[in-house]
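Undergrad: could you work out the structure for the sequence below:
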Amino acid sequence: MFTSLQGSNFADNTRAVCIGSGRFMRAVLVPVFRALDSGVVVAQTRGTSFASACAATKGKYEVDTIDSEGHVDTTVFDLEAVGSLGVAEGRAAFLELPDKLPQLKYVGFGVTEAGLQSGTQVIKDLAEFLQAAFKAIPDNELSIINTDNFPNNGDHIKKLVLELDWVKSDDSSAFRGYLDSKVHFHNTMVDRITNHRAGDSLVPLTEPLPAKAIAIEDLNGALDAERLRKIPGVHVRTNKSEIAKDYLLKFSLGNAVNSAMVYLLALSRQRTANQFQKFPIISEYLDALFEKDILPALIAGDVAEQEARQFYAEWLVRMKHPHFGLDNFWVSQNALLRVYVRLLNSVNINVSHDENYRPSKFMAFATAVALRFLTPWQPDSKREASTVFVGQMDPIQNGAPIFSLTEKTWNYDTGLTANLSTGKYEFDDGENGRVARLLWRASQHVLEASKSSSNDFPKSARAESSSEVSSGVGVAVASVLSSVKGFDLTNDAYASFAADVAALYQRLVSGKQTALETLEDVLRNHHTSEYLATKEEVATFVREAVASVQIIDVHTHLFPPSHGKLMLWGINELLTYHYLVAEFLQTAHMQVEEFNSYSKEKQA
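TA: Okay, here's the model as predicted:
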């Protein structure tokens, strides 16, 4: 492993080593290095599938590009060497590369968000590789260029390397100095939609190269910016504020729009993201979310309004590619992280810039539908991994299947399956099961109350009041949202947003409406005038509203004592009743003991 595939020695122009062999690496960064006339070595971090296949073809690998007409263009790229860090001999050979590559200049790094954590094996591999470079080629300036879309990823990777125990030790002070003076950890943003060739997961399938495929921050002039800018799709940022705008456009606009629709589509039994164009209400919803929440945040981040609108229009065109739709379930992974980074970041920005801002119902729906996706529909997945849960898509409407009834189960990721016929899908909440279990408990209360609800009072003495169910859901949703950085429930903007999310989530898990039907209500009510000018308008609105809902929540504890038992039914013993008693005793002359001696009817 890691020996030249083109000759007995590495070519003199072998200036790039890439850690990671993912699609972004092969479809974006390796082509950039090859355009710079640099030979490239690629290290697969786990397994040997790509390394073995590429070695068998003497370093050649293919990338497919499919246009809107369905035409596929295949490009072949040549590598100097390949190998795997997942086997001992491969890792040992990898750490010898700096001694064999005197012209080494670039280190590509693409390991997914899971690899960008403290103490991961791939961070240790990178640190030891840089130590080998420090010993073998200490005068070479190295540029670390990352293909994982993580805000300020270069700064983050450097921090992770410096956190390693041996790097922090007194013996490594010279190495730390080398990292500061000779190694440049560039912040980057990568944007090219990729999948894989049908029947061959080793061959990337990509959209046509977008205008901005990769943005690289270079504040110290370590790169040949002029030469890089001549490569299609490459942008070099020499001002700190520029990459911040790239992140906002990518994460808070492009990716946010994706996250706002993929959970909805998955629950609606749609397999790929490009199917959103079949539902006009989804486009209406995305437009409203863009106008009310996303655009104000972009403008607050110094993105020009026209630039934001142009990016949004271009993104929707890319999402509609008829021959290139990403798997909704695959995109839905790491749901909470995606919601936090992509959607709720706009909420944080808007709250900090505008004291009158309140998150829209569309932002609340986007968050609630993601939580609905993360809600287990059965207590056990029957899998060995305790963090794998089984969810349930919405029922088919109007009895008309939108897919073949013989639809097969497919693996959308390692160990995770989905099936449009049964409506079942497996998922990992990315939080070691904490959030899924929390939502499971909350949803069970909702479903039990939903089953017991009727025109008559519940017959079961155990049936919980609607106020108790709502408070349980509210606590669960607030707990999930509180883990978002900056989410402050003492701030009215966040508190009202959490209440909106909880209300929508409760509707989504009640089983009485599909996610699309709930969205229809959100859109319809959004268009209703907030202010009614006359009593007649109020009366008409109330009659229509009452006629259109399935359940009416009557706050019976507000009825006067003349209503007898009706007044007492449904009192929440843990909240409303005790609150009213406390209010009464604030001003009453009697003592608590006397009050407690009365019957409940007399207390009321």
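
Undergrad: any weak-confidence spans in this protein?
TA: Within the chain, the stretches with pLDDT under 70 are 381, 397-406, 449-471, 527-533, 537, 541, 548-579.

Undergrad: break down the stretch 51-200 of the chain into its helices, ranges please.
TA: 88-94, 97-100, 112-115, 121-136, 153-163, 165-168, 173-182 (DSSP state H, counting those that start in this stretch).

Undergrad: out of these, flag the one nearest residue 432.
TA: For the helices of the stretch 51-200 of the chain, proximity to residue 432 was assessed by C-beta to C-beta; helix 112-115 is nearest, at 12.9 Å. C-beta: built from backbone N, CA, C; applies to glycine.

Undergrad: what comes up buried for the closest one?
TA: 112-113, 115 (16 or more other C-beta atoms under 10 Å).

Undergrad: now do stretch 486-501
TA: Going by 16+ other C-beta under 10 Å, stretch 486-501 has these buried residues: 487, 493-494, 497-501.

Undergrad: likewise stretch 164-180?
TA: By neighbour count with 16+ other C-beta under 10 Å, stretch 164-180 contains the buried residues 164, 167, 172, 175, 178-179.

Undergrad: do stretch 536-544 as well
TA: For stretch 536-544, the neighbour count (16+ other C-beta under 10 Å) marks no residue as buried.

Undergrad: that older thread, mind giving me JSON lines with the helices of the stretch 51-200 of the chain and columns for distance to residue 335?
TA: Compiled in JSON lines, the helices of the stretch 51-200 of the chain are given as follows (distance: least, C-beta to C-beta, whole Å):
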{"stretch": "helix 88-94", "distance to residue 335": "33"}
{"stretch": "helix 97-100", "distance to residue 335": "38"}
{"stretch": "helix 112-115", "distance to residue 335": "13"}
{"stretch": "helix 121-136", "distance to residue 335": "23"}
{"stretch": "helix 153-163", "distance to residue 335": "21"}
{"stretch": "helix 165-168", "distance to residue 335": "33"}
{"stretch": "helix 173-182", "distance to residue 335": "35"}
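
Undergrad: of the ones you listed, which is nearest residue 328?
TA: Of all the helices of the stretch 51-200 of the chain, helix 112-115 sits nearest to residue 328, with 18.8 Å by C-beta to C-beta.

Undergrad: just put the buried residues of stretch 486-501 in CSV and tack on distance to residue 92.
TA: Below are the buried residues of stretch 486-501 laid out as CSV (distance: C-beta to C-beta, whole Å):
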residue, distance to residue 92
487, 46
493, 55
494, 52
497, 53
498, 52
499, 57
500, 56
501, 51
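
Undergrad: out of those residues, which sit inside strands?
TA: Within the buried residues of stretch 486-501, no residue falls in strands by DSSP state E.

Undergrad: picking up where we left off before, closest one to residue 448 among the helices of the stretch 51-200 of the chain?
TA: Nearest of these (C-beta to C-beta): helix 112-115, 36.6 Å.

Undergrad: quick one on the thing from earlier: show me which of the buried residues of stretch 486-501 is closest to residue 331.
TA: Residue 331 lies nearest to residue 501 out of these, by C-beta to C-beta, at 21.1 Å.

Undergrad: contact partners for that closest one?
TA: Listed by C-beta atoms under 8 Å, 6 or more residues apart in numbering, the contact partners of residue 501 are 364, 367-368, 371, 477, 481.

Undergrad: hmm, back to that, tell me the two of the buried residues of stretch 164-180 that are most distant?
TA: 164 and 178 (14.5 Å).

Undergrad: backbone dihedrals for residue 414, please?
TA: phi -60, psi 120 (degrees, to the nearest 10).

Undergrad: next: residue 390.
TA: Backbone torsions of residue 390, given as degrees, to the nearest 10, read phi -110, psi 120.

Undergrad: how much space between it and residue 435?
TA: Using C-beta to C-beta, to the nearest Å, one gets 15 Å for the distance from residue 390 to residue 435.

Undergrad: ok, those two, which is more surrounded?
TA: residue 435 (21 against 18; other C-beta atoms under 10 Å).

Undergrad: grab the nearest non-local neighbour of that one.
TA: Leaving aside its chain neighbours, residue 435 sits nearest to residue 429 (4.7 Å; criterion: C-beta to C-beta, 6 or more residues apart in numbering).

Undergrad: just give me the residue right at the centre of the protein.
TA: By C-alpha atoms, centre = their mean, the mean C-alpha position of the chain lies nearest to residue 338, the distance being 1.7 Å.

Undergrad: doesn't that one lie inside a helix?
TA: Yes: assessed by DSSP: H, G, I helix; E, B strand; the rest coil, residue 338 belongs to a helix.

Undergrad: that one against residue 255, yeah?
TA: Yes: under the criterion of C-beta atoms under 8 Å, residue 338 makes contact with residue 255 at 7.2 Å.

Undergrad: who are the contact partners of the residue lying closest to residue 153 once chain neighbours are set aside?
TA: Spatial nearest neighbour of residue 153, excluding adjacent residues (C-beta to C-beta, 6+ apart): residue 146 at 4.5 Å. Residue 146 sits next to 108-110, 153-154, 157, 186, 188 when contact means C-beta under 8 Å, 6+ apart.

Undergrad: filter the contacts of residue 501 down to the ones in helices?
TA: When DSSP state H defines the helices, the subset of those inside them is 364, 367-368, 371, 477, 481.

Undergrad: I'd like these written out as CSV, with neighbour count added.
TA: What follows is the ones in helices among the contacts of residue 501, written out as CSV (neighbours: other C-beta atoms under 10 Å):
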residue, neighbour count
364, 23
367, 29
368, 26
371, 30
477, 26
481, 22
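
Undergrad: which one of the residues you listed is nearest to residue 440?
TA: residue 371 (11.5 Å).

Undergrad: just say helix, strand or coil for the residue lying closest to residue 35 once chain neighbours are set aside.
TA: Sequence neighbours aside, residue 231 is the residue nearest to residue 35 in space, at 4.7 Å (criterion: C-beta to C-beta, 6+ apart). Taken by three-state DSSP, the conformation at residue 231 corresponds to coil.

Undergrad: OK, contacts around residue 231?
TA: With contact taken as C-beta under 8 Å, 6+ apart, residue 231 is in contact with 32, 35-36.

Undergrad: among those, which are located in helices?
TA: Per DSSP H, the contacts of residue 231 map to helices at 32, 35.

Undergrad: which among the contacts of residue 231 end up buried?
TA: 32, 36.

Undergrad: export the contacts of residue 231 as CSV, with columns for distance to residue 358.
TA: Shown next, in CSV, are the contacts of residue 231 (distance: C-beta to C-beta, whole Å):
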residue, distance to residue 358
32, 43
35, 48
36, 49
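
Undergrad: now, which of the contacts of residue 231 sits nearest residue 204?
TA: The closest of those to residue 204 turns out to be residue 32 (C-beta to C-beta; 14.6 Å).

Undergrad: quick one: that closest one from residue 183, how far?
TA: Residue 32 is 19 Å from residue 183, where distance means C-beta to C-beta.

Undergrad: same check on residue 430?
TA: Taken as C-beta to C-beta, the span from residue 430 to residue 183 is 31 Å.

Undergrad: same check, this time on residue 43
TA: Distance from residue 43 to residue 183, by C-beta to C-beta: 18 Å.

Undergrad: and these two? Which one has more around it.
TA: residue 43 (27 against 20).

Undergrad: isn't there a strand covering the more buried one?
TA: Yes: counting by three-state DSSP, residue 43 is found in a strand.

Undergrad: hmm, it is touching residue 95, no?
TA: No: assessed by C-beta under 8 Å, residue 43 is found out of contact with residue 95, at 10.4 Å.

Undergrad: all helices for the stretch 451-600 of the chain, in order.
TA: Using DSSP H, counting those that start in this stretch, the helices of the stretch 451-600 of the chain run over 466-482, 492-509, 515-526, 535-548, 565-568, 576-587, 592-596, 600-603.

Undergrad: quick one: the third one to helix 535-548, angle?
TA: Okay, so that is helix 515-526. Inter-element angle recorded for helix 515-526 and helix 535-548: 180 degrees (by axes from the mean of the first three to the mean of the last three C-alpha atoms, to 10 degrees).
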